[in-house]
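1. Test case, fold it:
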Amino acid sequence: MRRFLRPGHDPARERLKRDLFQFNKTVEHGFPHQPSALGYSPSLRILAIGTRSGAIKLYGAPGVEFMGLHRENNAVVQIHFLPGQCQLVTLLDDNSLHLWSLKVKGGVSELQEDESFTLRGPPGAAPSATQITVVLPHSSCQLLYLGTESGSVFVVQLPAFRALEDQTISSDAVLQRLPEEVRHRRAFEMVEALQEHPRDPKQILIGYSRGLVVIWDLQGSCVLCHFLSSQQLENVCWQRDGHLIVSCHSDGSYCQWPVSSDTLQPEPLHSCVPYGPFPCKAITKIFWLTTKQGLPFTIFQGGMPRASYGDRHCISVIHNGQQTAFDFTSRVIDFTVLIEANPEAALDDPYALVVLAEEELVVIDLQTAGWPPVQPPYLASLHCSAITCSHHVSNIPLKLWERIIAAGSRQNTHFSTMEWPIDGGTSLAPAPPQRDLLLTGHEDGTVRFWDASGVCLRLLYKLSTVRVFLTDTDPNESLSAQGEDEWPPLRKVGSFDPYSDDPRLGIQKIFLCRYSGYLAVAGTAGQVLVLELNDEAAEHAVEQVEADLLQDQEGYRWKGHERLCARPGPVHFEPGFQPFVLVQCQPPAVVTSLALHSEWRLVAFGTSHGFGLFDHQQRRQVFVKCTLHPNDQLALEGPLSRVKSLKKSLRQSFRRIRRSRVSSRKRRPAGPPGEVQEGSSRAERTGLQNMELAPVQRKIEARSAEDSFTGFVRTLYFADTYLRDSSRHCPSLWAGTNGGTVYAFALRVPPAERRMDEPVRAEQAKEIQLMHRAPVVGILVLDGHSVPLPEPLEVAHDLSKSPDMQGSHQLLVVSEEQFKVFALPKVSARLKLKLTALEGSRVRRVSAARFGSCRAEDYGEHHLAVLTNLGDIQVVSLPLLKPQVRYSCIRREDVSGIASCVFTKYGQGFYLISPSEFERFSLSTKWLVEPRCLVDSAETKNHSRPRDGSGPEKASGKARNSGSQSDGEERRSGPVMEHALLNDERVLKEIQSTLEGDRGSCGDWRSQRVAVGYGLSNGGGCS
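-> Residues are numbered from 1 along each chain as shown. As a prediction, the model looks like this:
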């Protein structure tokens, strides 16, 4: 009964745990979900993005990043920086205004909300009377001018948000100061534009929706000049010298108006419909910018021919006889142009166009011929194709890192060499301690390699597997192909492309060996590709081998999708990872598990039907093992034919509930020879059942062997351990299934000198059946010192100690419901931790990690990082299986976020909080990626345009620190908020996923979530 006793409190261990474990959500990588507003400060050189969920994010130089969250959680409609100040004003869709400041505390800047304000009208007034449409911060930084739907312009004093009613510019006041002929044309409606005179702060421009534009004298309260257009007004731009106004209209036209005191109502100098003469869509925003060459830049949004191109999202640039309509694959939210920041300068000299689209941020170099795009060092469009899986590799060797970067640089020749122009603020954080890669698999068959060393998730290289297969499209064709004489002159820009040629191309599993450069990727249609890194382009045929996982079964018929057809003959491959062998599983079901051992040159793969082992050096199959149960008919339907699967899975769930109520159930007959049945004699089982369990435990009914997907292979693991006897260790392959079965195969790998002459042989040595039949989600072998076995080639590269092969090894089997340690080679149970019985949760992800002490440099411990279906993360000790700490990380309703989580080898992790964003978190006190950045309005920055360089430099900064929790303690942090929309479809999907395992794509999202924190501090220290 000792296992039911509560251990005593150990103060020394508690202190050590504080040195080892600390939970922090540190940074969000990727592109903000559902952006709704854009702002830019020319003096600070900082960009601001607002979202529909009320978040506001600021970006400057790489590593300079801030986040804030409005308490109201309403959509951000507009963002305006106060000129020359570290302050900005946001307008929400509930008509409220909010003042934010970047304040320096402890040597670093923090983003804080100072004031909020809602414009109120007189009693009985209509809501439109104070509904704000335009916000203009005055250059004095003390006043805000607010245009409304009623046509009035209200004035608010900053920073207290005090309304100055005596300075309100009402539509009636403007009307009284206009000529008689203008008053009768109903020229007033809502205010569409507010602009301050570029040279005279005493004058502002007011544009009304029905086409009237007036220049108002703030001191004399009179109209200095007015312009009247016959078309509805959309927006206005004032030339830098103040002598010309350019207005854009709803019919796709723009007009130039001279500003002069000689005449009150001049005629337009020029009126143009750029894409006429046929009806065009509205031009919603326009810039008219002067240059040294004399010819201005005209940049506008919209205006495309309504009939043929009305569905395009375009921004057009016209300069010096050249005209290009940049065509975006998602809706344009807003755009701005980076110009000379000095207000005293005579010319604008634009150098970059910044476009915020719904799914990506695009920056265009306006200085270089052809106007190429600039590669962003952050705000990566992770979801350019839906993310289906992810894989993290820590501490990449420099040689491999440089080769990957070299391969990626050849793919980026279409980018400009301009340095990143948004470079405000200073990153004070140290450089990342190591090189980390995050690999993401996508629905279109691509794998993207991201630099995950610091806060800026930067794309290094993109691998496409499409060339290996025959698809409907030619991989060589360019999406941006456009004839020279075609009109409009469209050019595709951006990387967001949500359409996949074939859903079977989707990547489901990735495994990279950081020492040998071998890469294995597996997909939706049972395809397993083995690739190697080549620094030169090559043309060769990919050898194809078929693995029939149902070779010994009869009467089964695959009802799912067909296999992909491999491209015959030699295929041209770019420098980088090039496939040399294709293993095609039959039936072509989703590959659910993958393992690669580069030292033995072996790759193992598993599906819902079984698993196999392939020798990629000799290009031959070693063996296949069918794990399909006779009643597993659902496994033969495939993921792309799920009309009846949901009904079947629900029916099977109810049957399981009914079966669990039956008190007496016949046990399965004994398994084949060599099978190890968990549990002891029947008498001992009866005694345990009659024993009164401890109050903290709940009784868990064993699952039936007839449940669907019992043969689903969840995990594969290579290990050099004692499998047959305690005198000789040998290579082995371990496989765990959805039905709680663990298979162990002893492997005979020939020595290096005879590796190509003798075949690899495999023989099944063990079969373990867990009594509760819960899915096996992890397998791990511990050496004589209870340390996880090192990775292949890790010892050979002197990056790890040799494993202890003298003491007895232990096998750790992690199922969804419990952890169990067995002694090898006898496979006798030693320890057990019943997670589901204790807490009612199930394991979804598990990974071994080394936690270093923040005080003692050379001290560290190996533990298990565990994620449950409740969104909690636990650290469990090895090999004693003692829970160390537990943190709440992901909302339990966020099924997609839980399914997408991936752990690192040093106690960090990533999970998707939206289709386009990874949340990064840390469980380690020592390994922490956070920002330390400073923004000072008084700093003397060089505001000239950026120089040409080698593109974005390596990001060395850290990110914002958000809510940190630690077993009842909370570190200083800002607010953290998560949104998850739960509807019936999501609940059904979770029920479905429990039967299918983790086969679904991480890109199918129905939820919204924002995590925000203001506090910024450097990680790595102990409190």
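2. which residues touch D241?
-> By C-beta atoms under 8 Å, 6 or more residues apart in numbering, the contact list for D241 reads 198-199, 290, 346. Backbone N, C-alpha and C define where each C-beta goes, glycine included.
3. Narrow these to just the buried residues.
-> Buried by 16 or more other C-beta atoms under 10 Å: 198, 290, out of the contacts of D241.
4. V571: which of the contacts of D241 is nearest?
-> When these are compared for distance to V571 (C-beta to C-beta), T290 wins out at 51.7 Å.
5. Per-residue pLDDT of that closest one, please?
-> pLDDT recorded at T290 is 94.
6. Can you give me the distance of it to H772?
-> 75 Å (C-beta to C-beta, to the nearest Å).
7. and whichever strand or helix holds L58, what's its mean pLDDT?
-> Per DSSP states H and E, L58 falls inside strand 55-59. Here strand 55-59 scores 96 as its mean pLDDT.
8. Can you list the buried residues in the following helix or strand past it?
-> Following strand 55-59 in sequence order, the next helix or strand is strand 65-69 (DSSP H and E). Residues of strand 65-69 classed as buried: 65-69 (neighbour count, 16+ other C-beta under 10 Å).
9. Can you tell me which of these is nearest E893?
-> Closest approach to E893 among these (C-beta to C-beta): L69, at 19.4 Å.
10. Okay, and the beta partners of that closest one?
-> Note on L69: beta-bridge partners by DSSP bridges are A55.
11. Endpoint to endpoint, stretch 305-313 covers what distance?
-> Start to finish, the residues bounding stretch 305-313 are 12 Å apart (C-alpha to C-alpha, to the nearest Å).
12. scratch that, stretch 40-55
-> Distance across stretch 40-55, first residue to last, is 16 Å (C-alpha to C-alpha).
13. Okay, the closest residue to L793 other than its chain neighbours and I779: tell me how far apart.
-> Nearest non-adjacent residue to L793, counting by C-beta to C-beta, 6 or more residues apart in numbering: Y515, 3.9 Å away. Separation of Y515 from I779 (C-beta to C-beta): 22 Å.
14. do P11 as well
-> Counting by C-beta to C-beta, the gap from P11 to I779 is 35 Å.
15. what do you get for G106?
-> From G106 over to I779 (counting by C-beta to C-beta), the distance is 46 Å.
16. Those two - which one has more neighbours?
-> Taking neighbours as other C-beta atoms under 10 Å, G106 and I779 compare with I779 leading, 20 against 10.
17. give me every residue that touches that one.
-> I779 touches 715, 717, 734, 736, 742, 811-814, counting by C-beta under 8 Å, 6+ apart.
18. Let's see that with 7 Å instead.
-> Contact analysis of I779 by C-beta atoms under 7 Å, 6 or more residues apart in numbering lists 715, 717, 734, 736, 742, 813.
19. can you put those residues in a markdown table and add secondary structure?
-> Below are these laid out as a markdown table (DSSP: H, G, I helix; E, B strand; the rest coil):
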| residue | secondary structure |
| --- | --- |
| T715 | strand |
| Y717 | strand |
| W734 | strand |
| G736 | strand |
| V742 | strand |
| V813 | strand |
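20. Spatially central, which residue of the chain would that be?
-> E917 (2.8 Å; C-alpha atoms, centre = their mean).
21. What's the per-residue pLDDT of that residue here?
-> 95.
22. With the one 5 residues further on instead?
-> With respect to pLDDT, S922 scores 95.
23. From F910, how far off is the closest residue to Q578 other than its chain neighbours?
-> The spatial neighbour of Q578 that comes closest, neighbours along the chain excluded (C-beta to C-beta, 6+ apart), is N534 at 4.9 Å. Between N534 and F910 the computed distance is 29 Å (C-beta to C-beta).
24. More neighbours: which of the two?
-> With neighbours defined as other C-beta under 10 Å, N534 and F910 compare such that F910 has more, 22 against 18.
25. OK, contacts around the more buried one?
-> 390, 392, 438, 902, 918-920.
26. do the same with T148
-> Per C-beta under 7 Å, 6+ apart, neighbours of T148: 129-133, 154, 190-191.
27. same question, E189
-> By C-beta under 7 Å, 6+ apart, the neighbours of E189 are 151, 208-210.
28. now do 10 Å
-> Listed by C-beta atoms under 10 Å, 6 or more residues apart in numbering, the contact set of E189 reads 128, 149-151, 171, 208-212, 232-233.
29. So of those residues, which two are at opposite extremes in space?
-> Once C-beta to C-beta is applied, these give S128 and G211 as the farthest pair, at 19.4 Å.
30. Between these two, tell me which one has more neighbours.
-> G211 (21 against 14).
31. Compute the distance between the more buried one and L233, please.
-> 5 Å.
32. contacting residues for L218?
-> Contacts of L218 by C-beta under 10 Å, 6+ apart are 138, 143, 145, 155, 167, 169, 196-197, 200-204.
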